[in-house]
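S.K.: this one's structure only:
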């Protein structure tokens, strides 16, 4: 078998069963191998940002990596922003990037590039295979690396001749190292702080926001009065009825400062210290008050379940009744002009059981998180690296990981335009995704930020740079152009009807929610 | 004034008058400055690949740089593929990339990234400003760097606080160093080779493919029998009636080997040694025959006009009658089923005087170059870095540089999907661009490449990965969704009518040419 076939067999043996791809000439041997070796689901994306964002969404829901198959440095570059997001999410991803044949790499040709230089900023691990016989072992290592810690981005560059030359058989799967355990000293300090009577908050992210960790945290909170909080951006949170509500650090700086003001001790469990998204003139970078003591109980790559069980045991909280979620379920928005709040209210009301809610609503969705406290139990996925253009691809990958669950994808009209090509893949693969585009015809969040830098009355140029109008986008036409059924509405009752119908059917559907 | 205002004023003083942008929060001060300081045309792109591709197209036609304004590492990353293309084109480009405020950079936040690491693979020059007062000087240096040699990609990262803090005034423009001159020894060797009776070919690229260089080359060829050839990919070629025909090195390896087989001495004038695009098993990387001697007369950044005048003088060719272009103008395709050849024939026949022909037709356009030998005089722009997704943005930038010239943009249906968002900018800016999408519903070039690796009968998976169907794209809907008028046709007569109408009117129009 050639190197390409040894790669595919190795990936399958390592339980990598989905390949998102946008291939080029240097990947033709891999495509041929994917053709002859059964077992790998191949999903075509028409732009590499779709491929990498889908790999991220897939990993968050499947808890294991998919592979991406990309074409040379520029192909990888197109997918970089969503690999940045995946890296921040700690999603396991295995990138397979075709490179020029080894003997061809010294020549100045159009597609010659510094592939490693392009890969390094987003990859925890990078390797370029030296020959065809190394490919299988390198691939097994890439999967092992991707699966280590909470999850990593592993990039394997394969020169074209390593694909076409003879190889040995596939390589056996390699177990990743076990996740690190919390330091006993940190656990003691945390317990002491909680027992001291100080105002303690437990800030969580990663696996801590899913069962069984959520239940453990809920018991600790009920037993001790510790407050629960999550990072502003998290890869996946289990939410809704029956799940304890864990508020997020707010995005706006002043709200974040207020939310963290009355904390004496902040315990980090898989979370980063709460710095603001951006710096602003005259505002601090860190959102905790100067007197707050921050203690890292466990890092993002550590075994968070182990740490929480340990804490619960030490605090005698294991048998406690967990903090209950007493949020009520929203009712659908009342008839009238459609607004962002109305969309969020109706989505929260109608969200089906076990839905996967993908949120790239940006400014329009500020109320969503709170409104869905009482929704049917669901998983909530959001942007983790701040690079918009993740939503539609992430929803695509999540749907492939969980074909029996409804995906509801909330998307800004500005942010949706970065990787709208994902809609074609949703049609191609018949994915059960409802996309709601929040069409307010502008980068609304930036209009607020412009005010924030003191521009109260923007002139023509500034307004034009932050408005997505003249012309207005027609998302129904865009969706239909890519094979996705779609409809638009500017009333709440219209929205409720369209959403209900889309939730009842299977397959992709897009609703353009026309907002003021 | 703050750093942002000093930046804008410096750019304007350095004759940078167009800014293509996709801004984010960290760029709000720049947007505010662009608002208050008159003179900069600001063009919004809904995806950064549009922004950087437009900057490339603009530079090729304007012979000076535009600025791009991008948001942090991920925003730059989204534009990387077309900066790769711009770098290979040697287009002058000034990237202004907002970065986190200096004091914020040490924190782990979602958008924290290795901005320099992302920039380096595509930038000839990179700098991050250290404070607000340095911004003006750094910006003047960035423009100088961009304008050096034939053209360079200069990337200036500006932490947000360098934008909002107080600065001094703008910096004065800085002259780039003069372009290098050809080495006298190389000129002598070239002259000797030409006079020796050996079979000599002059291979050109860059400015050598425009006047006055083309005329000089044509005289040299007429006077000495030297054959003229160009690189496979060039940034801009002046072609059509009255211009000497300079054939290109063919893309397919076997054709390239044949075209270069009977050359004893290959003289490079601004061109790279002719290596193939990709390596193939059993084929050489270099397309010249083993016995061919390759001599570099002048490099891509050298003064090619100076070198050609020198050669012409030495050879006594200055007064010679130039090699004539006796190609006839095509007639429009005959009525019948529309094919790729028919499209190319009609485009060649109907191309208006001084049109700018942007060619990302990939496999469909193989006949175009030859067919347009006899077209009305026009400029021909093509992909230079092999990273598809350049065409629509490049056409956008070219139209902004030359508002009085018709832009004809030929685009593959697969390649068009990478940066289709450019169509919105064409509508926004009322650009005079006719886009012809060659809809053959597949990555046709890859279907050929798959055969090339021995897969004669691809299975389902392979076919699915290389077909852009199920669903078929509806380019009329996509264009209209972005505010561009459009129509589709599958007959030659239909195509002729639509093209004629689009050429008569001003403003963007898209024709979906439905091919077999």
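M.R.: Everything's here; your move. These numbers were taken from a predicted model, which means no experiment stands behind them.
S.K.: any part of the lowest-mean-pLDDT helix or strand in chain A near chain B?
M.R.: Every helix and strand in chain A was compared by mean pLDDT, DSSP states H and E; the lowest is helix A:444-452, with a mean of 86. Yes: for helix A:444-452 and chain B, the contact criterion (C-beta under 8 Å from any C-beta of the partner chain) is met by A:445, A:446, A:449, A:450, A:452. Where C-beta positions appear, they are placed from N, C-alpha and C, glycine not excepted.
S.K.: ok, now stretch A:150-159?
M.R.: No: using C-beta under 8 Å from any C-beta, stretch A:150-159 stays clear of chain B, with a minimum separation of 8.8 Å.
S.K.: list only buried entries from the residues of helix A:444-452 next to chain B.
M.R.: Taking 16 or more other C-beta atoms under 10 Å in any protein chain shown as the criterion, what is buried in the residues of helix A:444-452 next to chain B is A:445, A:446, A:449, A:450, A:452.
S.K.: that older thread, want to throw the residues of helix A:444-452 next to chain B into JSON lines with distance to residue B:40?
M.R.: Shown next, in JSON lines, are the residues of helix A:444-452 next to chain B (distance: C-beta to C-beta, whole Å):
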{"residue": "A:445", "distance to residue B:40": "24"}
{"residue": "A:446", "distance to residue B:40": "18"}
{"residue": "A:449", "distance to residue B:40": "20"}
{"residue": "A:450", "distance to residue B:40": "17"}
{"residue": "A:452", "distance to residue B:40": "22"}
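S.K.: and of those, the nearest to residue A:111?
M.R.: residue A:446 (34.9 Å; C-beta to C-beta).
S.K.: for the helix or strand where residue A:297 lies, which outside residues touch it?
M.R.: Per DSSP states H and E, residue A:297 falls inside strand A:293-298. If you take C-beta atoms under 8 Å, 6 or more residues apart in numbering or on different chains as the criterion, strand A:293-298 is touched by A:180, A:182, A:186-187, A:189-190, A:193, A:264-270, A:273, A:288, A:304, A:307, A:311.
S.K.: now do the buried residues in it.
M.R.: A:296, A:297, A:298.
S.K.: equivalent analysis for stretch A:462-475, please.
M.R.: For stretch A:462-475, by 16+ other C-beta under 10 Å, it's A:462, A:463, A:464, A:465, A:466, A:467, A:468, A:471, A:472, A:473, A:474, A:475.
S.K.: for whichever strand or helix holds the third one, packing partners?
M.R.: Counting by DSSP H and E, the secondary-structure element that holds residue A:464 is helix A:460-466. Taking 3 or more C-beta pairs under 8 Å, 6 or more residues apart in numbering or on different chains; DSSP states H and E as the contact definition, the neighbouring helices and strands of helix A:460-466 are helix A:444-452, helix B:28-36, strand B:41-44.
S.K.: following element in sequence after it, please.
M.R.: helix A:475-481.
S.K.: how far does that next one sit from its chain's centre?
M.R.: Offset of helix A:475-481 from its chain centre (C-alpha atoms, centre = their mean, to the nearest Å): 25 Å.
S.K.: what residues does it touch?
M.R.: Contacts to helix A:475-481, defined as C-beta under 8 Å, 6+ apart, come from residues A:413, A:416, A:420, A:423, A:435, A:437, A:439, A:485-488, A:510, A:512, B:473-478, B:480-482.
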